[in-house]
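1. Give me coordinates for this.
(chains A and B)
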2 protein chains.
Amino acid sequence: MEKVYIGVDVGGMSIKAGVVNLNGEILFKDKVVTDGQHVDVFLGDIKNLLEKIIKEAKDKDLDVRGIGFGVPGMVDNRLGLINKMANIGGRNVPLKEYLKDLNLPIYLSNDANVAALAEQKFGIAKGMENVILLTLGTGIGGGLILNGKLYEGNEGKGAELGHVCLILNGRNCGCGRKGCLESYASASALLRMTREYMKKYKDSMMWEYCNNDINNVSGLTSFECAKKGDEAANKLIDEYVMYLGEGMLDFANIFRPEAFVIGGGISNQGEYLTEKLEKYCKAQNWGYEGAPESKVLIAKLRNDAGIIGAASLLMD
Amino acid sequence: MEKVYIGVDVGGMSIKAGVVNLNGEILFKDKVVTDGQHVDVFLGDIKNLLEKIIKEAKDKDLDVRGIGFGVPGMVDNRLGLINKMANIGGRNVPLKEYLKDLNLPIYLSNDANVAALAEQKFGIAKGMENVILLTLGTGIGGGLILNGKLYEGNEGKGAELGHVCLILNGRNCGCGRKGCLESYASASALLRMTREYMKKYKDSMMWEYCNNDINNVSGLTSFECAKKGDEAANKLIDEYVMYLGEGMLDFANIFRPEAFVIGGGISNQGEYLTEKLEKYCKAQNWGYEGAPESKVLIAKLRNDAGIIGAASLLMD
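-> Numbers count the residues shown, from 1 in each chain, chains lettered A, B, ... in the order given. From the prediction side, this is the model:
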């Protein structure tokens, strides 16, 4: 019987789960649309999905050894709670306790942690010892692989890499502090900056790109217009790269990793983004004289990272 | 025969070495005053000191299993080089290679790493899994114990915790970046701030404390006058605590450690300092809603931390 693990990619709207073997291959997967507002329904949906998958795995003669969860929010990895999560009504949802009848080892982690583990075990950073993952989306998610292992911090509440101060007394951040990296280098921050630049530069190509309606601004607006040579858009991208680069220089000095892995919507810019980031960081000597440089890579496993990484949580 | 390790606390002016048992006790120690400017002399002095100590250990029927070095500078932990170090003339000094005739395992690390290891194995943070050490001196040294082990980063060049950006485009830092934590929260930064405050507040008690000579400013000036109720000194200490506290909030979000350990000259302020730091950080909710708080502790092993921590590098 082949050893496999179930990885669950939890979302407020849908829950995806897959059976993953020790090579990081998803043998089969399934999903359910859920209503996160009602915690009982949410938990019931997860349990039904898992029971179905476990049954299918048995039918296929697979040996399920555990279930890992990637949660887009705060978890308690000792107690197996979802402390809080967007689109979920409840607090401190006892997911592990609720699933104890399944009689399988269960482990919860944050979605960015899980993505980092997936990329380091089976993705673009395979086999590297020290890897920092940054997902650039609504916020900035952080995942840390240190000395070859996932580092989660006390209760699994570390690796909040978006919440380091970049500008003392800067912009208000959702976390309660001011001037956090997330407020300057997330995808949301890029959208805000795009609108600000457009208001300032009325002749920017970005207006045309948006059909002269600022409500049409997306994460692509600035990047696509910069590539076409628009001056304002290029200035904007340089500023954005500076913010993100300064954050990466911080993490380079703290961790001196072999690689950074960039994920999230903005990572679709690929080498256009990583080349600019590397150029910026190299011009700052990666922050420290004589220190080895880190690679800047784009996440590879994309939509499967959640399932593969969650399944990897319990692998040796 | 009792298993022991030799710990070497390297300095540009003197080298201290001790024989340490598995309980972290220094059985005996010795030192040599050296001339770091001439690398050959420096290396010869280290070798002579070690040969003497190894002989004495043999005479005492001790089983020396390895030699660890704590170096106040940048090392390459794979190759056993001192890349650079204050008061040492050479670059990339091949310490490990030079000592190969001793036929003992040799490992080099940075002095703050070594201090962190000492405090976590045998000092104030004994047995904790995740510990951040900050030494507040001329600069800010950082040491990381993560998942119970020393984390050094690629080539042993991580944990440069003083070199995270606190104020974008702020003060020039010796590392080449601008606005680093070290430029605001080291002992040197405190001295600079003390002089600035004294120039601004001519009626501050700090003038009297310094016999009306600004050249007499020390790390004690602001702290002692603040304790006596001087308004300017209290304002200054509040500002200093804010800078250091913001750095600690960053590290809390990144690592979510069980404890911070504060070392270096300024740590002599003891609870007066840690209470202010804890108060500041708690008012910021330690940076993240619902995340567990970290303890703020004062380093305990003081002058012995270098020898004990260096000896610990090679212990299992």
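2. partners of A:Leu144 in the sheet?
-> Taking DSSP bridges as the rule, A:Leu144 bridges to A:Ile132, A:Tyr151.
3. who's in contact with it?
-> A:Asn113, A:Ala116, A:Val131, A:Ile132, A:Leu133, A:Leu150, A:Tyr151, A:Glu152, A:Gly158, A:Ala159, A:Leu161, A:Phe255 (C-beta atoms under 8 Å, 6 or more residues apart in numbering or on different chains). Every residue, glycine included, has its C-beta placed from N, CA and C.
4. Name the member of those with the most neighbours.
-> For the contacts of A:Leu144, the largest number of neighbours (other C-beta atoms under 10 Å in any protein chain shown) sits with A:Leu133, at 34 neighbours.
5. Show me where the stretch 1-150 of chain A has its strands.
-> Assigned strands in the stretch 1-150 of chain A, in chain order: A:2-10, A:14-21, A:26-33, A:62-71, A:73-76, A:81-85, A:106-110, A:131-136, A:140-146, A:149-151 (criterion: DSSP state E, counting those that start in this stretch).
6. if you compare these, which one is most tucked away?
-> strand A:131-136 (a mean of 28; mean count of other C-beta atoms under 10 Å in any protein chain shown).
7. Any residues of the stretch 1-150 of chain A in contact with chain B? List them.
-> Proximity of the stretch 1-150 of chain A to chain B (C-beta under 8 Å from any C-beta of the partner chain) is limited to residues A:Met74, A:Asn83, A:Lys84, A:Glu129, A:Asn130, A:Gly142, A:Leu146, A:Asn147, A:Lys149.
8. ok, now the stretch 201-316 of chain A?
-> A:243, A:246, A:249-250, A:253-258, A:284-285, A:287-292, A:294.
9. one step back: and the residues of the stretch 1-150 of chain A next to chain B as a markdown table, adding distance to B:Thr221 and pLDDT?
-> Converted to a markdown table, these look like this (distance: C-beta to C-beta, whole Å; pLDDT from 0 to 100):
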| residue | distance to B:Thr221 | pLDDT |
| --- | --- | --- |
| A:Met74 | 43 | 94 |
| A:Asn83 | 45 | 94 |
| A:Lys84 | 46 | 91 |
| A:Glu129 | 45 | 97 |
| A:Asn130 | 41 | 98 |
| A:Gly142 | 40 | 98 |
| A:Leu146 | 40 | 97 |
| A:Asn147 | 42 | 95 |
| A:Lys149 | 45 | 96 |
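10. Which member of those is positioned nearest A:Glu196?
-> Using C-beta to C-beta, A:Gly142 comes nearest to A:Glu196 of the residues of the stretch 1-150 of chain A next to chain B, at 25.7 Å.
11. Skipping its backbone neighbours, what lies nearest the closest one in space?
-> Distances taken as C-beta to C-beta, 6 or more residues apart in numbering or on different chains put A:Leu161 closest to A:Gly142, at 2.6 Å, once the chain neighbours are dropped.
12. show me the contacts for that neighbour.
-> A:Ile132, A:Leu134, A:Ile140, A:Gly141, A:Gly142, A:Leu144, A:Leu181, A:Gly247, A:Phe251, B:Asn253, B:Ile254.
13. confidence score at A:Gly73?
-> A:Gly73 carries a pLDDT value of 93.
14. Sorry, wrong one. I was asking about A:Ala299.
-> 98.
15. contacting residues around it?
-> With C-beta under 8 Å, 6+ apart, A:Ala299 has these contacts: A:Ala115, A:Glu119, A:Gly123, A:Ile124, A:Leu133, A:Thr135, A:Val261, A:Ile262, A:Gly263, A:Ser267, A:Ala305.
16. Tabulate those (a markdown table), appending distance to B:Leu191 and pLDDT.
-> Supplementary listing: the contacts of A:Ala299 in a markdown table, determined by distance: C-beta to C-beta, whole Å; pLDDT from 0 to 100:
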| residue | distance to B:Leu191 | pLDDT |
| --- | --- | --- |
| A:Ala115 | 44 | 98 |
| A:Glu119 | 45 | 98 |
| A:Gly123 | 48 | 98 |
| A:Ile124 | 46 | 98 |
| A:Leu133 | 39 | 98 |
| A:Thr135 | 41 | 97 |
| A:Val261 | 41 | 98 |
| A:Ile262 | 40 | 98 |
| A:Gly263 | 43 | 97 |
| A:Ser267 | 44 | 96 |
| A:Ala305 | 49 | 97 |
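17. Most neighbours of all these, which one?
-> Most surrounded of those: other C-beta under 10 Å gives A:Leu133, at 34 neighbours.
18. May I ask you to confirm that that residue is in contact with A:Ala112?
-> Yes. Between A:Leu133 and A:Ala112 there is a contact under C-beta atoms under 8 Å: 6.3 Å.
19. Could you give the number of residues near A:Gly127?
-> 10.
20. what about it, distance to A:Gln120?
-> The gap separating A:Gly127 from A:Gln120 is 8 Å, by C-beta to C-beta, to the nearest Å.
21. Could you do A:Glu231 as well?
-> 39 Å.
22. burial count for the residue in the stretch 201-316 of chain A that chain B sits nearest to?
-> Closest to chain B within the stretch 201-316 of chain A is A:Arg256: 3.0 Å, counting by C-beta to the nearest C-beta. For A:Arg256, the number of neighbouring residues by other C-beta under 10 Å comes to 25.
23. and it, what are its phi and psi?
-> phi 40, psi 60 (degrees, to the nearest 10).
24. Nearest residue to it in space, ignoring adjacent ones along the chain?
-> B:Gly153 (3.0 Å).
25. which residues touch that neighbour?
-> Taking C-beta under 8 Å, 6+ apart as the definition, contacts of B:Gly153 comprise A:Asn130, A:Ile254, A:Phe255, A:Arg256, A:Pro257, B:Ala159.
26. how about the helices in the stretch 201-316 of chain A?
-> Using DSSP state H, counting those that start in this stretch, the helices of the stretch 201-316 of chain A run over A:205-209, A:219-227, A:231-255, A:270-283, A:305-312.
27. Which among those helices is found nearest to B:Gly36?
-> helix A:231-255 (25.5 Å).
28. Please point out which parts of the closest one sit buried.
-> A:232-233, A:235-237, A:240-255 (16 or more other C-beta atoms under 10 Å in any protein chain shown).
29. same question for that helix, mean pLDDT?
-> 98.
30. picking that back up, A:Val4: which of the helices of the stretch 201-316 of chain A is closest?
-> Using C-beta to C-beta, the helices of the stretch 201-316 of chain A put helix A:305-312 closest to A:Val4, at 7.8 Å.
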